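**Q** Let's see this in three dimensions:
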Amino acid sequence: MTVDIVLMCYNKEEDQLKVLLIQRKGHPYRNSWALPGGFVQKDESTGESVLRETKEETGVVISKENIEQLHTF
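**A** Sure, this is the predicted structure:
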């Protein structure tokens, strides 16, 4: 199972909603823009995976209270 993360923030000075993206490091689609995400590890919940993958791929640390699961499929 995998998770993809849509991390949004509002920039008040620019009056814009922004989405955090990464550039893919590997193939396929090397250097293409993508949402951060990855595999859920064996002993973790999807929420824990979101926290870990966000930090690993972007360096951004978020709290569990700031995540919301919008859809599972």
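**Q** Name the helix or strand for the residue of the chain most remote from its centre, please.
**A** Using C-alpha atoms, centre = their mean, the residue of the chain lying farthest from its centre is residue 13. It sits 23.7 Å away. Counting by DSSP states H and E, no helix or strand carries residue 13.
**Q** what does residue 71 give?
**A** Under the assignment here (DSSP H and E), residue 71 is part of no helix and no strand.
**Q** That one: how many residues sit nearby?
**A** 4 (other C-beta atoms under 10 Å). Quick note: C-beta positions are derived from backbone N, CA and C, even for glycine.
**Q** What pLDDT is listed against it?
**A** Looking at residue 71, its pLDDT stands at 81.
**Q** Need phi/psi at residue 50.
**A** The phi/psi pair for residue 50 (degrees, to the nearest 10) reads phi -60, psi -50.
**Q** I'd assumed residue 2 was in contact with it.
**A** No: counting by C-beta atoms under 8 Å, residue 50 does not reach residue 2; the two are 11.0 Å apart.
**Q** Neighbour count: the two, which is higher?
**A** With neighbours defined as other C-beta under 10 Å, residue 50 and residue 2 compare such that residue 50 has more, 25 against 10.
**Q** Much appreciated, bye for now.
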